[in-house]
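Colleague: Everything below, folded, please.
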Amino acid sequence: MAGMHLLTDREIKAAAPGEKPRRMSDGAGLYLLVRPSGEKWWRFDYRHAGKDKTLSMGIYPQTSLKLARDRAAEARDLVAQGMDPSEARKASRAAKSGEDGLPADAFQNIAKDWLKRVHEPKVSAGHAERTRLRLEQNVNPWLGARSIGTIKPPELLECLRRVADRGALETAHRVKQAAGQVFRYGIAIGACERDITADLRDALPPALVEHHAAIVEPAEFAGLLRAIGVYPGYLVVRSALQLSAMVFLRPGELRHARWEEIDLDGALWTIPAARMKRTKQEKISGQPHLVPLASQAVAIFRELLPVSGRSAWVFPSPRSYMRPISEIAVLAALKRMGFEATAHGFRASARTMLAERLGFDDRVIEAQLAHSVSDALGRAYNRTEFVAQRRAMMQAWADYLDKLKAGADVVKMRA
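Modeller: Prediction:
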């Protein structure tokens, strides 16, 4: 390979996609194929039994420059011995088998490996379990035992249509998404050559997003607040309803509140990152979510303290102080009062009225909702920023709720 130009990592990283696929040669049959989509695929061209052939070596950067060269060197050795590297690869896969007796490159074995090595370290345990079940229930029974590289787009589509036909269209899209990640992992480890889900982009009808039921009209919201104020049930549930409207946290974040998180004198609730809806890494190393408490919220907590203060939970179950109220307690109370709103819907109510009725900055509202917040340049804001603005907003919101309950400022909003 003397006198031949060899690729460098810097050249590969800087390679920009064009309108057509282009080759970047590393010499002796190995080259990088840069696709218009930006994907960079390693390929090795060789000749065997009088025929020109191409072998996939993986995708960059999952398959590094060094690893691609090592694989190409092994393939050249096989060609020099009169063997076909492609057939040798197939024979090697067939000789191996997973724990269940299936080929090592069976779809379900590749999926299992992807879940363990890539997906589980990145997401929460619950998220990973849902992904595993989607694949095991909707793909594996029909395609799990097949070598991943032999599966055709129409075969996967048939699996997805089974899901969609039972009325679970959103699940079908999630199954397709998970399968695509498995195929892309398969490409990286050399088990297959392409992600067939790319061919199914328009094969399913779009999933209709169903929003949580929420009340965004002040007059109707005022009626809900008054109903909550006289709710005759368990004091803990009534307090949870009041605070759901006042601090607009996610239902799980609210019902798992612990007294150790709440500083009543400082009027601040500090929720650990591990309890927030975040990525697994953010749960481990992220900052806590700060919830400034209006004077009305502090008063509700102080009223609760004699009732639930002996429990670690702010909202203990009526059956046991060792666990919080159930996830359906607030929803059941809303239905009992005759409202179709959901516990999660309080967030949408606050989001709409804080912006449209009280005129608060979207960034401040989104920060309090614990959504990703960025400026016009795309810079992400720190989760502890806007604390002063959020404190003022939370007090203004609580004061506005008091006015609504009293019957003021309930003019119907324009569409």
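
Colleague: Mind checking what secondary structure Lys403 has?
Modeller: Reduced to three states with DSSP: H, G, I helix; E, B strand; the rest coil, the structure at Lys403 is helix.

Colleague: Need the per-residue pLDDT for it.
Modeller: Looking at Lys403, its pLDDT stands at 95.

Colleague: Please apply the same query to Ala398.
Modeller: 96.

Colleague: what residues are up against the nearest residue to it once chain neighbours are set aside?
Modeller: Leaving out its chain neighbours, the residue that sits closest to Ala398 by C-beta to C-beta, 6 or more residues apart in numbering is Ala294, at 3.5 Å. Where C-beta positions appear, they are placed from N, C-alpha and C, glycine not excepted. Ala294 is in contact with 246, 267, 394-395, 397-399, counting by C-beta atoms under 8 Å, 6 or more residues apart in numbering.

Colleague: Kindly report the same for Tyr60.
Modeller: Tyr60 touches 12, 32, 40-42, 68, counting by C-beta under 8 Å, 6+ apart.

Colleague: farthest pair in the residues you listed?
Modeller: Ile12 and Trp41 (11.6 Å; C-beta to C-beta).

Colleague: Can you pull the residues that touch both of those two?
Modeller: 32, 60.

Colleague: show me where this structure has strands.
Modeller: Secondary structure of the chain (DSSP state E): strands at 22-27, 30-34, 40-48, 51-60, 262-263, 268-271, 289-292.

Colleague: Compare the ones you listed and report which one is nearest to Arg89.
Modeller: Closest of those to Arg89 is strand 51-60, at 7.4 Å (criterion: C-beta to C-beta).

Colleague: what comes up buried for the closest one?
Modeller: For strand 51-60, the neighbour count (16 or more other C-beta atoms under 10 Å) marks 55-60 as buried.

Colleague: gap between the residue nearest to Ala398 and Thr270?
Modeller: 16 Å (C-beta to C-beta, to the nearest Å).

Colleague: again, but for Pro153
Modeller: Distance from Pro153 to Thr270, by C-beta to C-beta: 49 Å.

Colleague: What of Gln287?
Modeller: With C-beta to C-beta as the criterion, Gln287 and Thr270 are 10 Å apart.

Colleague: Same check on Arg22?
Modeller: On the measure of C-beta to C-beta, Arg22 and Thr270 end up 53 Å apart.

Colleague: Tell me the gap between stretch 142-156 and the middle of its chain.
Modeller: Averaged C-alpha coordinates place stretch 142-156 at 26 Å from its chain's average position (C-alpha atoms, centre = their mean, to the nearest Å).

Colleague: Just the CA trace of it, in CSV.
Modeller: Output of stretch 142-156 as CSV, limited to C-alpha atoms (Å, rounded to 0.1, in the frame of the first residue of the first chain):
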residue,chain,number,x,y,z
TRP,A,142,-42.9,-14.1,13.7
LEU,A,143,-39.4,-12.9,13.0
GLY,A,144,-37.3,-13.4,16.2
ALA,A,145,-35.7,-16.7,15.0
ARG,A,146,-34.8,-15.3,11.6
SER,A,147,-31.3,-14.1,10.8
ILE,A,148,-31.6,-10.3,11.0
GLY,A,149,-30.0,-9.8,7.6
THR,A,150,-32.6,-12.0,5.8
ILE,A,151,-35.7,-10.1,7.0
LYS,A,152,-37.5,-8.1,4.3
PRO,A,153,-39.4,-4.9,4.7
PRO,A,154,-42.8,-6.5,3.8
GLU,A,155,-42.3,-9.1,6.6
LEU,A,156,-41.7,-6.5,9.2
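
Colleague: what sits up against it?
Modeller: 93, 102-103, 105-108, 110-111, 136, 139, 158-159, 176, 179, 182-183, 186, 191-193, 196-197, 199-200, 203.

Colleague: same thing with stretch 223-239?
Modeller: Here stretch 223-239 has contacts from 215, 241-242, 245, 300, 303-304, 307-308, 315-316, 318, 325, 329-330, 333, 336-339, 341, 401, 404-405, using C-beta under 8 Å, 6+ apart.

Colleague: give me that answer again for 7 Å
Modeller: For stretch 223-239, the external contacting residues (C-beta atoms under 7 Å, 6 or more residues apart in numbering) are 215, 241-242, 245, 300, 304, 307-308, 315-316, 318, 325, 329-330, 333, 337, 339, 341, 401, 404-405.
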